[in-house]
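> generate coordinates for the sequence data below:
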Amino acid sequence: MSESLYCRTCAAVSRTGQPRYGFTLPLLSRLLTLAGVVVLVGMLPWISGQDPALALLRARSGEQEATAETLNAIRQSLGLDRGPLHLLWEWLKGLLRGDAGTSWVSGRPVLPGMLQAAGVSLTLMLSAALVALTLASLLCAPTLIQGLRGRARRSGGMFAALFTALPEFLLASFLLIVGAVWLRWFPPYGWQGLHYAVLPSLALGIPAGGYLGRIIGDALAGTFSENWIATWSTAGISRRHIILAVLKRTLPGVMPLVGLVLVSLTGGAIAVEKVFAIPGIGRATLGAAAAQDVPALQAGVLILLLIASLAGIIASAVRLLILGHALRSGAMPVQEDNAGPASRRAFWLPLGCLLLLALLLAAGLPRDPNTSEFLRLQMPSFALPFGADAMGRDLLARVAHGTLHTCLLALFVSLSCLGIGLMIGLFPRLFTGPIEVTNALPPVIAGLVVAAINGPTMTGAAIAVIAVSWAPLAAHTAALVTEINARPYIRMLPVLGVGPVRRSLLYVLPALLGPLFRHAMLRLPGIALALASLGFLGLGAPPPTPEWGRVLAEGMPYIERAYWGVLAPAAALCVLSILAVSASNLSGRSRG
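Prediction:
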C-alpha cells in the first residue's frame, strides 16, 4: 500500500512547470473517469451478456419457467424493451430524485434499506478508526519518547508488523474463535448493541492501526534525526512545543497513506460484516450480487464508492489544514529517509516464511484435494495432519493445492499489473482520473462489479485485482521516468544525435525494468491475500476449487465444533501475510 504515495507525489510535482494544458488535462481525465464509473454501474443489467429479464425472473423465482410471454411481460413492465440507453437515462434521472430503483427480489425500493445498512457500516468503520488511531498512538509512543531524549532511532517494528500481518477477514475469523467461541466474552453474530461491535471493530481496526503505527513511527524517527531538533533542545524550547512541531512536520507526509488506510476500511468492512453477520452495506451488497438483484447491487456499489471517496477527501482536507501556507507557496522541505540498509537478520523472517510454504507444498501436493475419503470433520491425526473438512476431504491437500493455485494466479496478476503500470505510467497526467479512482477502489468492490458481469470465477477475481492494483506501479513508473530523464547522460543523448524512440528503447526502458520488476514481485504476497479475500467472500473460483479463501469460508459454519477447518487455511494465510509485511519492510529499506 505504501507505494501508492507515489501517485500523490507525482500529481503534486506535475503541477509545477507544466504547459497551459497542465490543469485542463488532469481535470478532464477525472471527469471522464467518474462518468465512466457511473455509466458502468448503470449498465450492469446489460453488459453481463445475459437477458436482464431472464436475470430478474431467476432472482424472483428460480423455478418458474422462462417462457417468451413471461419474459416479454417483464421487459414491458420495467422498460427493458426500450434498450440499455433508455434504461440508463431513467436510472440516472431516478438517482437525481433519490430513487435508486426497485429490488428485483423483494419488489421494494432499494435506497432506504441500503442507506440504513450504510449507517451500520459507517458506525463500524468509525469505531474501527478509533481502534486504529489508539493502537497507532501506542505504537508510536516509544519512538516519540526516545526522540525527545535525543535518541532518534527506528524500532524493529515487531509489534506493528504483528498487528499488520493479519488481513481483516482472517483476523475476524481468529477473534470469532477466541472471543466468541472459546472464551464466550462477546456475541458471535448480529448487531444489537455496542457489545456486538467490539470484535468487529477490533478485526477491522487492528491491521489498520498496525500499519499506521509503522509508517508514522518511521516518519517520526526521520523527523527527530533532523538538525533543527537538537537546535531547539539546546535553545531551551519546551518539549510540548517540540512535540507539536514534530507532529506538524511529520503528519503531512503520511496523510496520503492515512487516506489510503481509511479507504481500505471500506473493503475490509465487507469481509468483517460477512464473518459476524452484520447487516451493513457490504453484506447487503454481497447478498445482492449472490441473488442477482442488480438494482440493489448498483445502489450498494455506488454507496461504497461514495464512502471510499469521502474517506480520501477527509484525509486530504486534514493534510491541507495542517500544511496551510507552506503547501500553497511551495515551501515544503523534503524529508530525508534515514533508514539504513537492511541487515542480514532482516532476511531471515521472509526466508523462513518461504521455507514453511515450500514444506507445505511438498507435503500436500501429492495428496488428493477433492476425494471424500475421510469422515466428515475428522480431527487431525498423524495420517491426517490438518484434519478433514465438512465433506471428508483432506485439508492438508486442499490448503497445499490452494497455495499453488493462489500464488500462481498472484504471479500472473503481478506481471499483468507491471505491464499495465509501465504503459500508463508513461502518461501520468493523461491518466490522472483512473489512477485516483483506482486508489479509492478496494478490490472487493471491483470483485462485486466483475462478479455481476461474469459471475464468480477465478478469471473474474484476477481481473478485479488487476483493475485496482496497477496504479502504484504506474505512479512508480512516472516517478522513475522523471528521475531518469533528469540524469545528465540522458540529457546529452539528443546532442549526440540519439532520437526519442531509440533513447526510450535503449536507455530509459532498461533503467525502468529492474526497479519496477522488483516492486511488482514485492507486491505479490499482498496480491495473493487480495485474491484469497475475494475467494472468502464467494467472488473467486467456484467449488470445488481448492482456493485459500474458499477453504477458509467452507470451514466457517463449523467453527464451533471443528475449529481445525478454519485453523489450517488461516495458518497458511498468516504465513503469507507475515511474508508480505517483512518483504515490504525490506523494500522500504532498500529504497532508502
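> for the residue positioned nearest the centre of the chain, which residues are in contact?
What sits nearest the mean C-alpha location of the chain, by Cα atoms, centre = their mean, is P442, with 4.6 Å. With contact taken as Cβ atoms under 8 Å, 6 or more residues apart in numbering, P442 is in contact with V263, S264, T266, G267, G268, I270, A308, V468. Just so you know, the C-beta spots here come from the backbone N, C-alpha and C atoms, and that holds for glycine as well.
> you'd agree the last one is in a helix?
Right, V468. Yes. Per DSSP: H, G, I helix; E, B strand; the rest coil, V468 lies within a helix segment.
> could I get the contacts of P442 as JSON lines with neighbour count?
Below are the contacts of P442 laid out as JSON lines (neighbours: other Cβ atoms under 10 Å):
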{"residue": "V263", "neighbour count": "23"}
{"residue": "S264", "neighbour count": "20"}
{"residue": "T266", "neighbour count": "26"}
{"residue": "G267", "neighbour count": "24"}
{"residue": "G268", "neighbour count": "28"}
{"residue": "I270", "neighbour count": "28"}
{"residue": "A308", "neighbour count": "23"}
{"residue": "V468", "neighbour count": "21"}
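> tell me where the stretch 101-250 of the chain has helices.
Along the stretch 101-250 of the chain, the stretches classed as helices by DSSP state H, counting those that start in this stretch are 110-148, 158-165, 168-175, 198-224, 227-234, 239-275.
> could I get these as TSV with mean pLDDT?
Output for the helices of the stretch 101-250 of the chain, formatted as TSV (pLDDT from 0 to 100):
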stretch	mean pLDDT
helix 110-148	88
helix 158-165	58
helix 168-175	81
helix 198-224	84
helix 227-234	81
helix 239-275	79
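> T70: which of those helices is closest?
Within the helices of the stretch 101-250 of the chain, the stretch nearest T70 is helix 110-148; the backing value is 22.9 Å (Cβ to Cβ).
> helices or strands up against the closest one?
helix 158-165, helix 198-224, helix 239-275, helix 281-290, helix 294-323 (3 or more Cβ pairs under 8 Å, 6 or more residues apart in numbering; DSSP states H and E).
> distance to Y489 added to these, as JSON lines?
Compiled in JSON lines, the helices and strands packed on helix 110-148 are given as follows (distance: least, Cβ to Cβ, whole Å):
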{"stretch": "helix 158-165", "distance to Y489": "40"}
{"stretch": "helix 198-224", "distance to Y489": "31"}
{"stretch": "helix 239-275", "distance to Y489": "31"}
{"stretch": "helix 281-290", "distance to Y489": "52"}
{"stretch": "helix 294-323", "distance to Y489": "36"}
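> of all those helices, which lies closest to L509?
helix 239-275 (28.2 Å).
> now the closest one, how far from the chain's geometric center?
In terms of Cα atoms, centre = their mean, to the nearest Å, the gap separating the centre of helix 239-275 from the centre of its chain is 15 Å.
> for it, which positions count as buried?
Neighbour-count burial for helix 239-275 flags 242, 246-247, 249-275 (criterion: 16 or more other Cβ atoms under 10 Å).
> now do it against helix 110-148, angle only.
Helix 239-275 runs at 140 degrees relative to helix 110-148, counting by axes from the mean of the first three to the mean of the last three Cα atoms, to 10 degrees.
> what kind of secondary structure is R561 in?
coil.
> ramachandran coordinates for it?
phi -110, psi -10 (degrees, to the nearest 10).
> from F169, how far out is the residue nearest to it when sequence neighbours are not counted?
Distances taken as Cβ to Cβ, 6 or more residues apart in numbering place L377 nearest to R561, at 7.0 Å, with adjacent residues excluded. To F169, L377 is 22 Å away according to Cβ to Cβ, to the nearest Å.
> between these two, who's got more neighbours?
The residue with more neighbours, out of L377 and F169, is F169; 29 against 17, by other Cβ atoms under 10 Å.
> right, and that one touches F276 too?
No. The pair F169 / F276 is not scored as a contact, 10.8 Å apart, by Cβ atoms under 8 Å.
> between the helices and strands packed on helix 110-148, which one is closest to L409.
If we rank the helices and strands packed on helix 110-148 by Cβ to Cβ, the stretch that ends up nearest is helix 239-275, at 18.8 Å.
> what angle do helix 294-323 and the closest one make with each other?
Using the same axes, to 10 degrees: helix 239-275 against helix 294-323 is 170 degrees.
> helix 168-175 and helix 239-275, what's the angle between them?
Using the same axes, to 10 degrees, helix 239-275 lies at 80 degrees relative to helix 168-175.
> and the angle for helix 239-275 with helix 281-290?
Using the same axes, to 10 degrees: helix 239-275 against helix 281-290 is 30 degrees.
> against E547, how distant is A317?
Taking Cβ to Cβ, one finds A317 at 40 Å from E547.
> with neighbour numbers in mind, choose between the two.
Legend: neighbour count by other Cβ under 10 Å for A317 and E547, higher for E547 (28 against 12).
> buried by neighbour count: which residues of stretch 445-458 qualify?
Applying 16+ other Cβ under 10 Å to stretch 445-458 flags I445, A446, G447, L448, V449, V450, A451, A452, I453, P456, T457, M458 as buried.
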